[in-house]
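[1] Quick one, what's the 3D model for this:
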Amino acid sequence: MRARDGSFITFDAPGAQSTGGESINPAGTITGLYSDTSGLAHGFVRAPDGAITTFDAPGASSTFARNINPAGTVAGYYIDASNVNHAPEEFVDHPHEFVGARPDEVISLSCENAFPI
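    Reported below is the predicted structural model:
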């Protein structure tokens with residue numbers, strides 16, 4: 001991540017083999033995904049103070065957090081153990097909200113379908 005002063009900040013989600021930031025909102029909160037040692041994807045949110053919260057959709061083998069809006073709503077999708085794509089209405093163990101999208105891309109950051117966690 002590039003800071004406003006031009007310096008670069010690097011970070012990894014806990015237990016990550018690789019970490020990729022997908023989106024940053026005006027407050028500086030970042031969302032993205034990381035892969036674990038098994039190659040499975042998980043979502044994360046990195047707060048402006050550097051605290052990282054990781055999450056998975058219930059029943060997911062891989063979770064893909066793709067975008068975050070100014071309100072902190074995270075959008076993306078997940079894949080279950082049968083390799084089926086899902087657009088979730090919520091992620092239970094995550095302090096943010098997750099907006100459903102088509103299985104192949106994020107199409108909305110509206111809070112219309114999001115549920116508070």
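
[2] Report pLDDT for the spatially most central residue of the chain.
    Residue closest to the mean C-alpha point of the chain, counted by CA atoms, centre = their mean, is A65 at 2.8 Å. With respect to pLDDT, A65 scores 89.

[3] Which residues are in contact with it?
    Contact partners of A65, counting by CB atoms under 8 Å, 6 or more residues apart in numbering, are 22, 31-33, 43-45, 55, 74-76, 98. C-beta coordinates here come from the backbone N, C-alpha and C atoms, glycine included.

[4] with the residues you listed in mind, which one is nearest to G15?
    Of all the contacts of A65, G15 sits closest to F44, with 10.5 Å by CB to CB.

[5] and that closest one, what is it in contact with?
    By CB under 8 Å, 6+ apart, the contact set of F44 is 13, 19, 31-34, 52-55, 65.

[6] Mind naming the longest strand for this structure?
    strand 60-68 (DSSP state E).

[7] after it, next one along is what?
    Once the chain leaves strand 60-68, the next helix or strand it forms, by DSSP states H and E, is strand 74-80.
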